[in-house]
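1. Sequence isn't available, so here's the structure alone:
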Ligand code: CA2
């Protein structure tokens, strides 16, 4: 009898984006690049497809909405990739929600917060993540998808 595909391969990778990322590409291109969030979504969809995965891509400016999205991922996601933006550095609520997940969680950032202001050196998200990828712009998201595929066993090598 054929082996049932694992839950991780059936459910999409949830890619969650925090406050202000809806405005990407419009300001501070020297820090965040010129890529828009819609372009990131398109590139993520293609990369995930290469690995045999689908994605669900969301953004919210509200902390509670991000918590709701993470809670939904408990039963609906194969993995979570999260750029919590400013909430990275402040939100115990986001951390507590992430800790309830049993699937891989990858923290991503467009910039490298470690090279920036001191207040960006603390990440609550990192404490609930499997790993972190930061500083590669749009590529941070694509590398995170590669990491998920490596952890869950995608089809592309
Ligand atoms: O580098 C990242 O991805 C960040 O998560 C971006 C956050 C920042 O607070 C984190 O420390 C690092 C800020 C996102 C702000 O998004 C903008 C969108 C358009 C124009 C300017 C900022």
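-> Here it is on my side, so go on. From a predicted model like this one, the values you see are computed outputs, not experimental measurements.
2. The protein: strands as residue ranges?
-> Under the criterion DSSP state E, the chain carries strands at the ranges 13-17, 55-59, 79-83, 105-109, 131-134.
3. these two touch, right, residue 13 and residue 53?
-> Yes - using Cβ atoms under 8 Å, residue 13 makes contact with residue 53 at a distance of 5.5 Å. The C-beta positions use only the backbone N, C-alpha and C, and glycine is treated the same way.
4. who has more neighbours, those two?
-> A count of neighbours by other Cβ atoms under 10 Å puts residue 13 above the other of residue 13 and residue 53, at 28 against 25.
5. show me where pLDDT drops low in the chain?
-> The model of the chain has pLDDT under 70 over residues 1-9, 156-157.
6. Contact residues of it facing the ligand?
-> Within reach of the ligand by Cβ under 6 Å from any ligand atom, the chain has these residues: 20-21, 23-24, 26-28, 32, 83, 85-86, 88, 109-111, 113, 120.
7. taking the residues you listed one by one, which sit in helices?
-> Counted as lying in helices by DSSP state H, out of these, are residue 32.
8. Just the buried ones among the residues of the chain next to the ligand, please.
-> Buried members of the residues of the chain next to the ligand, counted by 16 or more other Cβ atoms under 10 Å: 21, 24, 32, 83, 85, 88, 109, 110, 111, 113, 120.
9. which residues does the fourth one contact?
-> Pointing back at residue 83 there. Residue 83 makes contact with 16, 17, 18, 21, 107, 108, 109, 110, 140, 141 under the criterion Cβ atoms under 8 Å, 6 or more residues apart in numbering.
10. what is it paired to in the beta sheet?
-> Beta-bridge pairing for residue 83 (DSSP bridges): residue 17.
11. Return the distance of stretch 67-83 from the chain's centre.
-> Mean-position distance between stretch 67-83 and its chain equals 9 Å (Cα atoms, centre = their mean, to the nearest Å).
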